[in-house]
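[1] show me how the following folds:
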Amino acid sequence: MNLNNRESEIEIIHRYIDGSLTMDEKLKFEDDLKQNKALYDLYCFEKTLIMGIKNANSNSLKDRIIEVENEFFKSHKSKLLIMKNFRIVAVAASLILVFGLVYFLKPKAEFNPDNAISAFYKPESDRADKIIGSFDQAGFANPYSSNDTFKLAMKLYKEMKYKDALKEFHAYLQAFPNDKVAQLYFGISHFNASNYSEAITVLNPLANDDAFEQKEDAIWNLAFCLMKAENSEKTALAYFNKLAKNPSSPHQKNAEGVIDLIKK
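    Prediction:
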């Protein structure tokens, strides 16, 4: 194939992909694709290449292209003409022929849920403080139980003594099994004690209970539990998306951050 013709074909392909062809040019090119298998194969190659480059880290990609280009053209008296407007793509195509397509289409690094936990997770504390402060308040308006076992469980929770808190929550819930607030912190304590399966069992009903005031907290913790227990970000992603789409959720921004981290 004549090098100049190939260069012209690549330019037209790129203009077709970025939508800069006129309507007449577009129709002619699409007709050429149907009749010219070599052109169609080249189009498919260029399209795959561009997608690979877009998904790669742009800075490291450009650095590597420049580095290999210098080495390649020093050792090969190549007559390849690199178009000014398509320099990166043209050189990348040469590199793929030398090093293989896999070089640019490396699979993304495996997602580590511990990175998301470190960056965005912390045990619920604001409402826990209000609950603890309410124990010593008298009157019928107090929504929380004054039971000493629940009080001790919440204090241990705030002190991050989760294993000790679990014992007290368990004892309290034996007597008051329908206390959803206690169930929530029982589930969160299980998560922070690395008892992920137990946490999921406790938190799942609360995360699906529209009448529960702290439903968003239940969803937030359940998503992390699923991510750790099943080691699969896909399982938890639906829950993070639900939080991210809810502007009234206290976890909206952090959920968006977790989603970005998962999709990197």
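
[2] mind listing what's buried in stretch 15-25?
    Residues of stretch 15-25 classed as buried by neighbour count (16 or more other Cβ atoms under 10 Å): 15-16, 21. Every residue, glycine included, has its C-beta placed from N, CA and C.

[3] typo on my end, stretch 160-175
    Neighbour counts over stretch 160-175 (16+ other Cβ under 10 Å) mark 162, 164-166, 168-169, 172-173 as buried.

[4] what's that stretch in contact with?
    Stretch 160-175 has contacts (Cβ atoms under 8 Å, 6 or more residues apart in numbering) with 123, 147, 149-150, 152-154, 156-157, 179, 182-183, 185-186, 189-190, 192-193, 195.

[5] so which elements touch the helix or strand that contains residue 156?
    In this structure, residue 156 sits in helix 148-158 according to DSSP states H and E. Using 3 or more Cβ pairs under 8 Å, 6 or more residues apart in numbering; DSSP states H and E, the elements in contact with helix 148-158 are helix 126-134, helix 162-175, helix 180-192.

[6] next, the angle from the first one to helix 180-192.
    Calculated by axes from the mean of the first three to the mean of the last three Cα atoms, to 10 degrees, helix 126-134 forms an angle of 130 degrees with helix 180-192.

[7] got the CA positions of helix 126-134 in PDB?
    Extracted in PDB, the C-alpha atoms of helix 126-134 (Å, rounded to 0.1, in the frame of the first residue of the first chain):
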ATOM      1  CA  ASP A 126     -22.900  12.100  64.900                       C
ATOM      2  CA  ARG A 127     -26.200  10.300  65.800                       C
ATOM      3  CA  ALA A 128     -24.300   8.000  68.100                       C
ATOM      4  CA  ASP A 129     -23.300  11.000  70.100                       C
ATOM      5  CA  LYS A 130     -26.900  12.200  70.300                       C
ATOM      6  CA  ILE A 131     -28.100   8.800  71.400                       C
ATOM      7  CA  ILE A 132     -25.400   8.600  74.200                       C
ATOM      8  CA  GLY A 133     -26.300  12.200  75.300                       C
ATOM      9  CA  SER A 134     -30.000  11.300  75.500                       C
END
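
[8] other SSEs contacting it?
    Contacts defined by 3+ Cβ pairs under 8 Å, 6+ apart place helix 126-134 against helix 148-158.

[9] in the helix it packs on, what counts as buried?
    Buried residues in helix 148-158, counting neighbours by 16+ other Cβ under 10 Å, are found at 149-158.

[10] quick one on the thing from earlier: as TSV, the buried residues of stretch 15-25 with pLDDT, distance to residue 229 and secondary structure would be great.
    Below are the buried residues of stretch 15-25 laid out as TSV (pLDDT from 0 to 100; distance: Cβ to Cβ, whole Å; DSSP: H, G, I helix; E, B strand; the rest coil):
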residue	pLDDT	distance to residue 229	secondary structure
15	87	50	helix
16	87	47	helix
21	86	51	coil
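
[11] quick revisit: of all the buried residues of helix 148-158, which comes closest to residue 225?
    For the buried residues of helix 148-158, the minimum distance to residue 225 (Cβ to Cβ) is 16.3 Å, reached by residue 157.

[12] which residues does the closest one contact?
    123, 128, 165, 169, 185, 188-189.

[13] residues making contact with the helix or strand hosting residue 30?
    Assigned by DSSP H and E, residue 30 falls within helix 23-35. For helix 23-35, the external contacting residues (Cβ under 8 Å, 6+ apart) are 12, 15-16, 21, 39-40, 43.

[14] returning to that earlier point: keeping just the C-alphas, turn the helix holding residue 156 into PDB.
    Only the C-alpha atoms of helix 148-158 are listed here, as PDB (Å, rounded to 0.1, in the frame of the first residue of the first chain):
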ATOM      1  CA  ASP A 148     -28.000   0.300  80.900                       C
ATOM      2  CA  THR A 149     -26.900  -2.400  78.600                       C
ATOM      3  CA  PHE A 150     -27.700  -0.300  75.500                       C
ATOM      4  CA  LYS A 151     -26.000   2.700  77.100                       C
ATOM      5  CA  LEU A 152     -22.900   0.600  77.700                       C
ATOM      6  CA  ALA A 153     -23.000  -0.800  74.200                       C
ATOM      7  CA  MET A 154     -23.100   2.600  72.600                       C
ATOM      8  CA  LYS A 155     -20.300   3.900  74.800                       C
ATOM      9  CA  LEU A 156     -18.100   0.900  73.800                       C
ATOM     10  CA  TYR A 157     -19.000   1.600  70.200                       C
ATOM     11  CA  LYS A 158     -17.900   5.200  70.400                       C
END
